[in-house]
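>>> Sequence first, predicted model second:
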Amino acid sequence: MDRVGLGWRPEIAAEIFARLDGIDVVEVIADDYFEAPSREIRALRTLAAQVPVVLHGVSLGLASTARADVRRLARMARLVDRVRPEFWSEHLAFVRGGGVEIGHLAAPPRTESTVDGAAANLDRARAVVGSAPLVENIATLIDPPGSDLDEGEWVRAILSASGADLLLDLHNLHANAVNFGFDARDFIRRLPEDRIGAVHLAGGKWIGRLLDDHLHDVPDEVYDLLERTAAHASRPLTVILERDGNYPPMEELIAQLDRARSALRAGRRARELARV
Amino acid sequence: MNPFDFRGPEFLLYYAVLGVVVVAIVWYRRRARGSSGLSSEKLADPYEIACLRGGPKEAVRVATCALLDRGLLRAEETTIVAVRPDAAHLVGKPIERALMKECSKTREVTEVMSAPPVAAAASELEEKLIRRGLLAAPEGRIAALVGMVLMAAVALIKIVIAFGRGRYNVLYLVVFAGVFLVVLWWIAEWRQTLRGLRTLGDFRTLFGGSRAKAYTVGRHAPDLALLTAVFGLAAAWNHTRSGEFRKLFPSSANEKGKVTSYGTNCSTTWSSCGSSFGGSSCSSSGGSSCGGGGCGGGCGGCGGS
């Protein structure tokens, strides 16, 4: 059964918790808790007793020919072990190189080398943490130079080489499609239908290109992509609305969740009809 | 061998060993009830949380403020009244229904709080929490009380005997007895069990970052109830109606809350966008060289999440 939820953020935590009857799942940023005192980890456990929790990593930098830092993986392993989330996820990005933290989720060149590097890092993550993360496609304002593959080919190659499942960020996909002129619906259609496990929704703004900033409402195009994803994916989806600031009243976020549910239902109906 | 015939130092040693054993037994019983592992209580009802923190009357106070916020009750000085005589059917929880029924005509809030139907609904919350092991059952205090009586009685008997024998150097014994009584008082479950205390602490940790919000009347009822349940009515002092709340519950007006001690994740919050992107409205960094805006965000510049 598909589920719809919100990213857990301290500023809106009480509002989320007070409306758990309309929220199926919450996504917690794992990195906020890597060095947290035990009382904060225990609090997360208590949260997980009220509502399903998934963890989302941002700093492992798995899509790289450089080896993922085992100490960071060990921190994730400890957190996963203590919080017992339903799953954890991380980005197909690199965040450091040559010992320098670049502080961004950066898109690596889309080549066979980075496919192999990502697959090796995902193997390492699986070994250290005990489970592989769902991997998330990222947004980028520049087409990574030195790429031999397009984004769809690259993502599919990583899924195939690593066995990891996909967290499909539909606003990232939409932003890249707008910025680089490809068809997002075709991207979704070519994904292996049994490998999409979760979806991110968010909003952005136009700055000459479409910027994925998580500060705006989910645009219509993304709901349309969600419907198409639901029509394509064979597994139940966990859909998370990400909002990182400029918070509207919670009723508006709940309304966006309701709209996501409607899109999921419409997509599932279309999938059923297509199979008849 | 009668221990009361022991000489001073021997008796003090005997008393200390007895005290340590009694404290250990009381502590062990408390831990056995309270689960020493990670807490994982399912507890989402704000009125139950309020009752856990401050007792049945606190649950009524929180419910009253929530109903005022929702516009179902109206306050004037120290009186409250339902906005409509039939408003009780608009609320779902027993404590809310009881409050609304009692407020069908204008009444003093103190009168409403002690009205039998309201008190009964609030007591039901307390009983639920006792059944779930979050509040201490009366029997949970017995071990500590027995221990305190035992330690006090042994010390008193010895002092009486000593005085009868013309010895008055009982200062160390009095100090020992005082220390053990304080420790037993400290570890006794007078209200919350260890599990209850941990669950409350977990909620304070989870919602510490949500306290600084500004309220708009009628818009935030669910989280107003939750925040006042967890932190006390002080959490609502920036509410548009805080003046009404203070007049109704002046004893809560001096609550300072403990916002700083509970802490938040703000200073360390990552956005799902990446480290330097900020991503939370309370992050300090905000923005990045490749995008970002406002109070955070900016994931899309060099890769979004």
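Happy to help now that I have it.
>>> CA only for contacts and neighbour counts going forward, please
Will do.
>>> is it fair to say residue B:105 lies in a helix?
No - with DSSP: H, G, I helix; E, B strand; the rest coil as the criterion, residue B:105 is assigned coil and is not in a helix.
>>> how about the helices in the stretch 101-250 of chain B?
Under the criterion DSSP state H, counting those that start in this stretch, the stretch 101-250 of chain B contains helices at B:109-114, B:116-131, B:138-164, B:171-187, B:194-207, B:221-231, B:242-248.
>>> For the third one, buried residues please.
This means helix B:138-164. Judged by neighbour count (16 or more other Cα atoms under 10 Å in any protein chain shown), helix B:138-164 contains these buried residues: B:140-141, B:143-145, B:147-148, B:150-152, B:154-155, B:158-159, B:162.
>>> what's the burial count for the nearest residue to residue B:109 once chain neighbours are set aside?
Using Cα to Cα, 6 or more residues apart in numbering or on different chains and skipping residues adjacent in sequence, the residue nearest residue B:109 is residue B:79, 5.3 Å away. Neighbour count of residue B:79, defined by other Cα atoms under 10 Å in any protein chain shown: 19.
>>> Okay, and the beta partners of residue B:79?
residue B:76, residue B:108 (DSSP bridges).
>>> Out of the buried residues of helix B:138-164, the closest to chain A would be?
Lowest distance from chain A to the buried residues of helix B:138-164 (Cα to the nearest Cα) belongs to residue B:140, with 23.8 Å.
>>> pLDDT score for that closest one?
What the model reports as pLDDT for residue B:140 is 69.
>>> what bridges to residue A:96?
So, taking DSSP bridges as the rule, residue A:96 has residue A:101 as bridge partners.
>>> just checking, it touches residue A:107?
No - if you go by Cα atoms under 8 Å, residue A:96 and residue A:107 don't touch, sitting 11.3 Å apart.
>>> Tell me if stretch A:45-56 is near chain B.
Yes - using Cα under 8 Å from any Cα of the partner chain, stretch A:45-56 reaches chain B at A:45-50, A:56.
>>> Let me see the ranges of the helices in chain A.
A:13-17, A:38-50, A:70-83, A:112-129, A:151-162, A:170-180, A:184-189, A:220-232, A:250-275 (DSSP state H).
>>> ok, and what's touching the second one?
When you say that, I think you mean helix A:38-50. Outside of helix A:38-50, the residues within contact range by Cα atoms under 8 Å, 6 or more residues apart in numbering or on different chains are A:33, A:53, A:79, A:82-85, B:38-44, B:199, B:201-203, B:205-206.
>>> cool, and stretch B:21-34?
Stretch B:21-34 has contacts (Cα under 8 Å, 6+ apart) with B:133, B:140, B:143-144, B:147, B:180, B:183-184, B:187-189, B:193-196.
>>> Try it again at 6 Å.
Under the contact criterion Cα atoms under 6 Å, 6 or more residues apart in numbering or on different chains, stretch B:21-34 has outside partners B:143-144, B:147, B:194-195.
>>> which one of those residues sits closest to residue B:86?
Proximity of the contacts of stretch B:21-34 to residue B:86 (Cα to Cα) peaks at residue B:195, which lies at 39.7 Å.
>>> tally of neighbours for the closest one?
Here the number of neighbours of residue B:195 (other Cα under 10 Å) works out to 25.
>>> Give me the distance between it and residue B:24.
18 Å (Cα to Cα, to the nearest Å).
>>> Repeat that for residue B:53.
26 Å.
>>> out of those two, which sits in the busier spot?
residue B:53 (23 against 13).
>>> Make sure the more buried one is indeed in a helix.
Yes - Residue B:53: assigned to a helix according to three-state DSSP.
>>> got the buried residues for the helix or strand where residue B:28 lies?
Here residue B:28, judged by DSSP states H and E, is contained in helix B:8-34. By 16+ other Cα under 10 Å, the buried positions in helix B:8-34 come out as B:8, B:11-12, B:15-16, B:18-19, B:22-23, B:26-27, B:30, B:33-34.
>>> So which of those residues sits lowest on pLDDT?
When the buried residues of helix B:8-34 are compared by pLDDT, residue B:34 scores lowest at 56.
>>> re the thing from before, looking at the residues of stretch A:45-56 next to chain B, which has the most residues close by?
With neighbours taken as other Cα under 10 Å, the top of the residues of stretch A:45-56 next to chain B is residue A:56, carrying 27 neighbours.
>>> wait, that one sits on residue A:26?
No - with contacts counted by Cα atoms under 6 Å, residue A:56 stays clear of residue A:26, the gap being 10.3 Å.
>>> how about the residues of chain A near chain B?
A:10-15, A:18, A:32, A:42-43, A:45-46, A:49-50, A:58, A:103-106, A:138-141, A:211-214, A:244-245 (Cα under 6 Å from any Cα of the partner chain).
>>> State the phi and psi torsions of residue B:64.
Per-residue torsions, residue B:64: phi -60, psi -50 (degrees, to the nearest 10).
>>> on that earlier part again, got JSON lines for the helices of chain A, with mean pLDDT and distance to residue B:170 too?
Below are the helices of chain A laid out as JSON lines (pLDDT from 0 to 100; distance: least, Cα to Cα, whole Å):
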{"stretch": "helix A:13-17", "mean pLDDT": "93", "distance to residue B:170": "55"}
{"stretch": "helix A:38-50", "mean pLDDT": "93", "distance to residue B:170": "43"}
{"stretch": "helix A:70-83", "mean pLDDT": "95", "distance to residue B:170": "51"}
{"stretch": "helix A:112-129", "mean pLDDT": "97", "distance to residue B:170": "61"}
{"stretch": "helix A:151-162", "mean pLDDT": "97", "distance to residue B:170": "76"}
{"stretch": "helix A:170-180", "mean pLDDT": "97", "distance to residue B:170": "77"}
{"stretch": "helix A:184-189", "mean pLDDT": "98", "distance to residue B:170": "84"}
{"stretch": "helix A:220-232", "mean pLDDT": "98", "distance to residue B:170": "80"}
{"stretch": "helix A:250-275", "mean pLDDT": "95", "distance to residue B:170": "65"}
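>>> Now do the contacts for the residue nearest to residue A:86 when sequence neighbours are not counted.
In this structure, residue A:86 finds its nearest non-sequential neighbour in residue A:54, 5.4 Å apart by Cα to Cα, 6+ apart. Going by Cα under 6 Å, 6+ apart, residue A:54 touches A:27, A:85-88.
>>> What is the burial count for residue A:230?
26.
>>> Surely it touches residue A:266?
No - if you go by Cα under 6 Å, residue A:230 and residue A:266 don't touch, sitting 7.9 Å apart.
>>> if we take the contacts of residue A:54, which one ends up nearest to residue A:223?
Comparing these against residue A:223 with Cα to Cα picks out residue A:27 as the nearest, at 19.5 Å.
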